[in-house]
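[1] For reference, the sequence and a predicted model appear below.
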Number of protein chains: 2
Amino acid sequence: MTQSGTHSSAQSSAHSQDSRTLADVEEQELLDTVLPRFATSDDVIIGPGDDTALLRVRSGAALATTDTMVLGRDWLDEWSTGADVGHKLVVQNVADIAAMGGRCTGLLVTLVADQQTPLQWVADFTTGVADAARDAGTVVVGGDLSSAPAGTRVVSITAFGELDGVAAVLRSGARPGDLVAVCGTLGRAAAGLLLLQREHAAKGANLVLAQRRPRTPYEQGPVAARAGATAMLDISDGLLRDGGRIARASGVRLDLDPTALASDIRALTDAVGGADAETCVLTGGEEHSLLATFPAGAVPPGWRIIGVVAPGSGITVGGREHTRVGWDHFGSAKTD
Amino acid sequence: MTQSGTHSSAQSSAHSQDSRTLADVEEQELLDTVLPRFATSDDVIIGPGDDTALLRVRSGAALATTDTMVLGRDWLDEWSTGADVGHKLVVQNVADIAAMGGRCTGLLVTLVADQQTPLQWVADFTTGVADAARDAGTVVVGGDLSSAPAGTRVVSITAFGELDGVAAVLRSGARPGDLVAVCGTLGRAAAGLLLLQREHAAKGANLVLAQRRPRTPYEQGPVAARAGATAMLDISDGLLRDGGRIARASGVRLDLDPTALASDIRALTDAVGGADAETCVLTGGEEHSLLATFPAGAVPPGWRIIGVVAPGSGITVGGREHTRVGWDHFGSAKTD
């Protein structure tokens, strides 16, 4: 899901104390601003400042994933502060680690920004990353700063993790007879985006917050792995689309139970209306809740059963293929 | 060092067979184009296609580094093909692994590109990454594709590595009495950039190639570590600047011997003139040769002694601070 629109280099923070831009500071001063905001941990043997980081790996293998956000596509400065962007970028990446059953052990952070970028935006972004990393029990171990032509701002994180003795939960292990379960909310980030697009943010401040700062129940990734989850991912592109990925990778059909989703839809109806509420729940991305399949009887506490795994292919709702009404609210289906 | 100038989305390859752009293909077709070009290895337990990669780590710790290139700053399509960009991006990252004394075990590759990006450019970039990864004895284990507003193209790699039993060589271990040595060429990539800027590429095709596709003697990183190197990095921002980083981190002065650099300067003089040749050797970035300090008597074969470590601070040439003439050829000193 993307946030199409023009981009802006306007000051993003409501609490700016510093009107300088990146054009006004030397790289070392910028690093001196950024680096003290990052904590360290026992997993970090060598942190920022040398050619590479060196990260302890206790279990013989490291999980690694990377995700990027682009100004004007993945966020607008009018709608999200630098701290929001930093927070969301961490969540996107750590959710991928959790969705394998892993625990995040470190982050590399890249900032590509033009010289007009407010220094305060960089400070806010850094704070958002540092705070979200702490929430996720992880730390920043290094990164990269690059300048860019006017109008370009791209932020990227690579996250590392460990499995702590569980087997990685892939997308390909779902079997007919398994149950489909979700841990976390559905459709709230998409509903928040709709409210921002409609300039109705006041109708659902908590939904807008879910859009700006999604939350993943990270610790439930390893819980699901230990409980015997047969497939898992985090919902980044919508329940139907991501569920379809499990179906395709596993060679099965996922059939969602509409009655199990009714309360998710009801919770959004006042803010965005009934039809859009359903669309948000079924196709809304950027939620980063965990979606998994379990053998019957193995679904852990905190997870809600929302469907079953059947023979066949694709994803159905109440046995029928869904017509993805409203998909165009959220941008091109081509963008992941 | 950066390549300032306007950016272009013009077709970059001389051998285009396909005039489509990213706007014309679905993400899955793009992945189907990209992924088959990447090899796999014993180090890769889970490769591209799931939430994260899973990489074997035999030695209890993983090296990790990331580096980014931005269209219009770090390359121009007029001067570099997609394959050149892919090649250079791999070298930049793997050189950082080598400069710690490590061996690269895997790469995550990120492509952020607008819809006008030629599909052929993406194919060329992918081929360049795959070929350079093979040269470096490593493989692509995953990555990210993101769309961007018009005019934005950013490529990024995160490289992982292992130390295979040697201690990491930091920048901070140089001691007075050590020798300064280099493995690889000096100033050639910068001279190649000058020739491109002057539209004199024919005066030094091999220098232009060094700019487009720098080469790092990767295997000499672990060799230096085993030989007892006390500090090491790769020359990405110029001999004086990167040498100065070792000096600062180690709390010493590096004194370079001008007679030891004379042959490097002579080798460039015909192509760019004597004054610029000296500037290229002393301040030219993007060379990605290895610079290290060793205790006297420990410099391994294949390395050239170019100076000594002395008490004090900073970097000198023949005992005197150098006036960095010509630095402005290569862009703002602020950009790393």
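    Good, I have the coordinates.

[2] Where do the strands of chain A begin and end?
    In chain A, the strands defined using DSSP state E lie at A:44-46, A:53-56, A:61-70, A:103-113, A:140-147, A:153-162, A:179-183, A:231-234, A:253-256, A:290-294, A:304-310, A:314-317, A:320-321.

[3] Save those as CSV, and put in mean pLDDT and distance to chain B too.
    Where you see a C-beta, it was placed from the backbone N, CA and C, and this is true even at glycine. Below are the strands of chain A laid out as CSV (pLDDT from 0 to 100; distance: least, CB to the nearest CB, whole Å):
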stretch, mean pLDDT, distance to chain B
strand A:44-46, 95, 6
strand A:53-56, 96, 5
strand A:61-70, 98, 4
strand A:103-113, 97, 5
strand A:140-147, 94, 5
strand A:153-162, 98, 4
strand A:179-183, 98, 15
strand A:231-234, 98, 5
strand A:253-256, 98, 17
strand A:290-294, 98, 10
strand A:304-310, 98, 18
strand A:314-317, 96, 15
strand A:320-321, 92, 19
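
[4] For chain A, name the helix or strand with the lowest mean pLDDT.
    Within chain A, no helix or strand scores below helix A:27-34, which has a mean of 86 by mean pLDDT, DSSP states H and E.

[5] Show me which positions of it end up buried.
    A:Leu30, A:Leu31, A:Val34 (16 or more other CB atoms under 10 Å in any protein chain shown).

[6] Next up, the contacts around the first one.
    Translated: A:Leu30. A:Leu22, A:Leu119, A:Val122, A:Leu145 (CB atoms under 8 Å, 6 or more residues apart in numbering or on different chains).

[7] What about the third one, how many residues nearby?
    Neighbouring residues of A:Val122 were enumerated by other CB atoms under 10 Å in any protein chain shown; the total is 23.

[8] related to what we said a few turns ago, want to throw the strands of chain A into CSV with mean neighbour count?
    Formatted as CSV, those follow (neighbours: other CB atoms under 10 Å in any protein chain shown):
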stretch, mean neighbour count
strand A:44-46, 19
strand A:53-56, 24
strand A:61-70, 26
strand A:103-113, 26
strand A:140-147, 24
strand A:153-162, 28
strand A:179-183, 24
strand A:231-234, 28
strand A:253-256, 24
strand A:290-294, 28
strand A:304-310, 20
strand A:314-317, 20
strand A:320-321, 10
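
[9] Let's have the ones you listed in CSV, adding distance to B:Ala130.
    Converted to CSV, these look like this (distance: least, CB to CB, whole Å):
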stretch, distance to B:Ala130
strand A:44-46, 29
strand A:53-56, 25
strand A:61-70, 18
strand A:103-113, 22
strand A:140-147, 22
strand A:153-162, 20
strand A:179-183, 37
strand A:231-234, 27
strand A:253-256, 34
strand A:290-294, 32
strand A:304-310, 36
strand A:314-317, 33
strand A:320-321, 38
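
[10] For B:Ile315, which of the ones you listed is the nearest?
    Relative to B:Ile315, the nearest member of the strands of chain A by CB to CB is strand A:140-147, separated by 22.5 Å.

[11] Grab the CA positions of that closest one and hand them over as CSV.
    C-alpha atoms of strand A:140-147 as CSV (Å, rounded to 0.1, in the frame of the first residue of the first chain):
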residue,chain,number,x,y,z
VAL,A,140,20.7,0.1,16.0
VAL,A,141,24.1,-1.4,15.2
GLY,A,142,25.1,0.8,12.2
GLY,A,143,23.8,2.3,9.0
ASP,A,144,24.5,4.7,6.1
LEU,A,145,23.9,8.4,5.4
SER,A,146,23.6,9.5,1.8
SER,A,147,22.8,12.8,0.1
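
[12] Packing partners of that strand?
    The contact analysis (3 or more CB pairs under 8 Å, 6 or more residues apart in numbering or on different chains; DSSP states H and E) places strand A:140-147 against helix A:27-34, strand A:53-56, strand A:103-113, helix A:119-135, strand B:61-70.

[13] gap between the two ends of stretch A:217-231?
    Using CA to CA, to the nearest Å, the end-to-end distance of stretch A:217-231 comes out at 17 Å.

[14] so what's A:Ile46 up against?
    Taking CB under 8 Å, 6+ apart, one finds A:Thr52, A:Ala53, A:Leu54, B:Ala168, B:Leu170 in contact with A:Ile46.

[15] From A:Thr269, how far out is the second one?
    If I follow you right, that is A:Ala53. To A:Thr269, A:Ala53 is 47 Å away according to CB to CB, to the nearest Å.

[16] what's around A:Leu35, how many residues?
    A:Leu35: 15 neighbours (other CB under 10 Å).

[17] Just list the residues touching the residue nearest to it when sequence neighbours are not counted, thanks.
    Spatial nearest neighbour of A:Leu35, excluding adjacent residues (CB to CB, 6 or more residues apart in numbering or on different chains): A:Pro48 at 5.7 Å. The contact partners of A:Pro48, taken as CB under 8 Å, 6+ apart, are A:Leu35, A:Phe38, A:Val140, A:Val141, A:Gly142, A:Gly143.

[18] who touches the fourth one in this structure?
    Residues in contact with A:Val141 (CB under 8 Å, 6+ apart) are A:Val44, A:Gly47, A:Pro48, A:Ala53, A:Leu55, A:Gly106, A:Leu107, A:Leu108, A:Phe160, B:Ala64.

[19] you'd agree A:Val182 is up against A:Arg304?
    Yes: the pair A:Val182 / A:Arg304 is scored as a contact, 5.5 Å apart, by CB atoms under 8 Å.

[20] Quick one: low-confidence residue ranges for chain A.
    A:1-17, A:323-336 (pLDDT under 70).

[21] quick one, domains of it?
    Per automatic domain parsing, the structural domains of chain A span A:22-162, A:179-330.

[22] Mind putting those domains into JSON lines with distance to B:Ala210?
    As requested, these are exported to JSON lines (distance: least, CB to CB, whole Å):
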{"stretch": "domain A:22-162", "distance to B:Ala210": "21"}
{"stretch": "domain A:179-330", "distance to B:Ala210": "41"}
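
[23] out of these, nearest to B:Ala136?
    domain A:22-162 (14.4 Å).

[24] end to end, how far does that closest one reach?
    Distance between the two ends of domain A:22-162: 36 Å, counting by CA to CA.

[25] just how off-centre is it within its chain?
    The gap between where domain A:22-162 is centred and where its chain is centred comes out at 14 Å by CA atoms, centre = their mean, to the nearest Å.

[26] Report the two of the contacts of A:Val141 separated the most.
    It's A:Pro48 and A:Phe160 that sit farthest apart of the contacts of A:Val141, by CB to CB, at 14.4 Å.

[27] Next one: the spatially most central residue of chain A from A:Ala181, what distance?
    Central residue of chain A (CA atoms, centre = their mean): A:Gln92, 2.5 Å from the mean position. Separation of A:Gln92 from A:Ala181 (CB to CB): 21 Å.

[28] cool, A:Thr81 as well?
    34 Å.

[29] now swap in A:Thr66 and tell me
    Taken as CB to CB, the span from A:Thr66 to A:Ala181 is 27 Å.

[30] Kindly report the same for A:Leu268.
    Taking CB to CB, one finds A:Leu268 at 20 Å from A:Ala181.

[31] A:Asp51 now?
    A:Asp51 is 44 Å from A:Ala181, by CB to CB.

[32] Repeat that for A:Asp32.
    Distance from A:Asp32 to A:Ala181, by CB to CB: 46 Å.

[33] before we move on, what about A:Glu219?
    16 Å.
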